[in-house]
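Asks: quick one, structure for this:
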Amino acid sequence: MLTFDTARALAAALAASHRAIIVDPDDARPWLATLEAALALIPGAGPVLATVRGLVEGASESVAGLALPTPWGTAVLLTPRAMVDPAAYLATVTHELVHASQVVHLGAGQTAADYINPELRALREAEAGGVGLWARYLVTGARPSPEDAGVVRSGLYHLGADDKAFGRAVVASLLAPIDTGAIPPHGVARELLAWLHEHAPGAVVVEAYANRATAVP
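Replies: Residues are numbered from 1 along each chain as shown. Here you go, the predicted structure:
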């Protein structure tokens, strides 16, 4: 069974490998104040921070987490919705760490540029959503549906019907390995399962994954 202590330890380990910082709900506003002070001399940073602050203040109504590239790495800002139970926490952090991985591989500039394009925005969110839902499945055994992903059900991403359908297809492809006990083709998924095997094998409740090899041949 997954506990909050285990979920937090796993999140910290994965965050370190993806240049990310986990920020709990109570720390989000003071953390943003620190970030604002650090970026005060950078032209154009003010409007961006104002937008993010607005998202954080209203985030608990719509999302469980936000990923924000910063000079210190990607900040994963959690909302109270991520703290409902350990499985929700793990799924949220996993989702946002996929975004952190995208920042590492693409760069903050390209990641931001991708979000201007609806199709690429759908792709990035679907990738994160699929891996996050799979993480929840590992520790609960409750099989997710592609419709559970925010890219499909949420209006937050301002996607049209075609882009939502594309996002749903990507999520479905990431959840399809559940049928055979395979791991979704993403480094965050492999790292997560490997950490659980080593540190908390009892948290993996799906038998097919209890002893699944995580190393890539």
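
Asks: by contact count, what packs against the longest helix anywhere in the chain?
Replies: Counting residues, the longest helix in the chain under DSSP state H turns out to be helix 118-140. Under the contact definition 3 or more Cβ pairs under 8 Å, 6 or more residues apart in numbering; DSSP states H and E, helix 118-140 sits against helix 86-106, helix 108-114, helix 150-153, helix 161-175, helix 187-199. Where you see a C-beta, it was placed from the backbone N, CA and C, and this is true even at glycine.

Asks: other residues contacting the shortest one?
Replies: If you take Cβ atoms under 8 Å, 6 or more residues apart in numbering as the criterion, helix 150-153 is touched by 63, 122, 125-126, 129, 146-147, 156-157, 159, 164, 167-168, 170-171.

Asks: please apply the same query to the second one.
Replies: With Cβ under 8 Å, 6+ apart as the contact definition, helix 108-114 has outside contacts at 69, 99, 102-103, 106, 120-121, 123-124.

Asks: TSV please, covering these and showing pLDDT, neighbour count and distance to residue 28.
Replies: Putting those into TSV (pLDDT from 0 to 100; neighbours: other Cβ atoms under 10 Å; distance: Cβ to Cβ, whole Å) gives the following:
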residue	pLDDT	neighbour count	distance to residue 28
69	79	20	16
99	93	24	16
102	92	22	21
103	89	22	19
106	86	14	25
120	92	15	27
121	90	18	23
123	94	18	27
124	93	23	22
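
Asks: so which bits of the longest helix of the chain are buried?
Replies: By 16 or more other Cβ atoms under 10 Å, the buried positions in helix 118-140 come out as 118, 121-140.

Asks: now residue 144: how far from residue 172?
Replies: Applying Cβ to Cβ, to the nearest Å, one obtains 10 Å for the distance of residue 144 from residue 172.

Asks: same question for residue 29.
Replies: Relative to residue 172, residue 29 is positioned 37 Å away (criterion: Cβ to Cβ).

Asks: give me the more crowded residue out of these two.
Replies: For residue 29 against residue 172, the residue with the higher neighbour count under other Cβ atoms under 10 Å is residue 172, and the figures read 16 against 13.
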